[in-house]
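K.L.:
Here is a sequence with its predicted model. Questions after.
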Amino acid sequence: MRALAASVLAACGLIASACGGAGSGGAATDQAAPATAGSRQEPSQGQTPPQETPAQEQSSGKQEPPKGKPLDGKVIVLDPGHNGNNYRRPDIINRPVDVLTEKKACDTTGTSTNSGYSEAAFTWDVSTRLTRILRERGATVKLTRSNNTGVGPCITQRAAIGNKAGADAALSIHADGAGPRDHGFHVIMPKKIGGPVDKVVAKSSRLGIDIRDAFRKGTGIPYSTYIGKNALDYRNDLGGLNLSTVPKVFIETGNMRNAGDAAKLSSPAFRQRIAVALANGLQHYLGT
Ligand SMILES: [Zn+2]
């Protein structure tokens, strides 16, 4: 079992170039949440009511809208890449699934840092932090998996969960396993494929740019040195994107095989910064 697991991991390390991203970090300034446009009460101007005006009359005026949270009414689906026990079940995760442009494996194990911190654990931790922040801001958040001790789901199912939820935005969180000198982050957006994703390609592109800008600003991690242009990459071979009918992007938050990126991604405090940055990007896209 052990040998098998190791060989699967090794194979996945190679495959994981599909999961690209690395980053060097900048100064660690705390990223504040964007100011929320509160519903301010206008002081009534002009006619100051004479003192004898009954209080009742004053309060019977226009009703103030209830004070809301910035993401009230928004549905966000988070997809923590891979799963903690994928490596134990190659029979399940290697099963081919149809992603419209080709057949791909149901899922992969993901990569890890050289010291053994797995991408699956990383994406689960960031997603948990991000969920908390988004819910505090009023959003309804759904996840494509509920822990880091399972297997799957397949990439087709991960897309279907976002579709079924009617998500206003969906985000798949990853870290890359590229060459040791490669670093920086990048965002992956869908391309038109003559399929259902076509209608959300434009919105996904806007989402991707908002996520990129917020991630750069909030984490200091630079644009990828090895994939995409200005940290933006467009692909038509990812099931999670091809099968999405809601605005969706992937982020490769850094390269786990690069020492500088790995140090950041391994830090709980830094992962909190990542989560705040991603929340700000989503909130910006959702226009609140
Ligand atoms: Zn990944």
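P.N.:
That came through fine.
K.L.:
C-alpha from now on. contacts and neighbour counts both.
P.N.:
OK.
K.L.:
buried set for stretch 269-284?
P.N.:
The neighbour-count check on stretch 269-284 (16 or more other CA atoms under 10 Å) flags 270-284 as buried.
K.L.:
List just the nearest of those to Arg212.
P.N.:
Gly281 (7.5 Å; CA to CA).
K.L.:
Extract the CA atoms of the host helix or strand of the closest one and return them as PDB.
P.N.:
Using DSSP states H and E, Gly281 maps to helix 268-285. This file holds the C-alpha atoms of helix 268-285, laid out as PDB (Å, rounded to 0.1, in the frame of the first residue of the first chain):
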ATOM      1  CA  PRO A 268      -1.400  29.600   8.700                       C
ATOM      2  CA  ALA A 269      -1.100  33.300   9.000                       C
ATOM      3  CA  PHE A 270      -0.300  33.600   5.300                       C
ATOM      4  CA  ARG A 271      -3.200  31.300   4.400                       C
ATOM      5  CA  GLN A 272      -5.500  33.700   6.300                       C
ATOM      6  CA  ARG A 273      -4.100  36.500   4.100                       C
ATOM      7  CA  ILE A 274      -4.900  34.500   1.000                       C
ATOM      8  CA  ALA A 275      -8.400  33.900   2.200                       C
ATOM      9  CA  VAL A 276      -9.000  37.500   2.900                       C
ATOM     10  CA  ALA A 277      -7.600  38.500  -0.500                       C
ATOM     11  CA  LEU A 278      -9.800  35.900  -2.300                       C
ATOM     12  CA  ALA A 279     -12.900  37.200  -0.400                       C
ATOM     13  CA  ASN A 280     -12.100  40.700  -1.500                       C
ATOM     14  CA  GLY A 281     -11.800  39.600  -5.100                       C
ATOM     15  CA  LEU A 282     -15.100  37.800  -5.000                       C
ATOM     16  CA  GLN A 283     -16.800  40.700  -3.300                       C
ATOM     17  CA  HIS A 284     -15.400  43.100  -5.900                       C
ATOM     18  CA  TYR A 285     -16.700  40.900  -8.700                       C
END
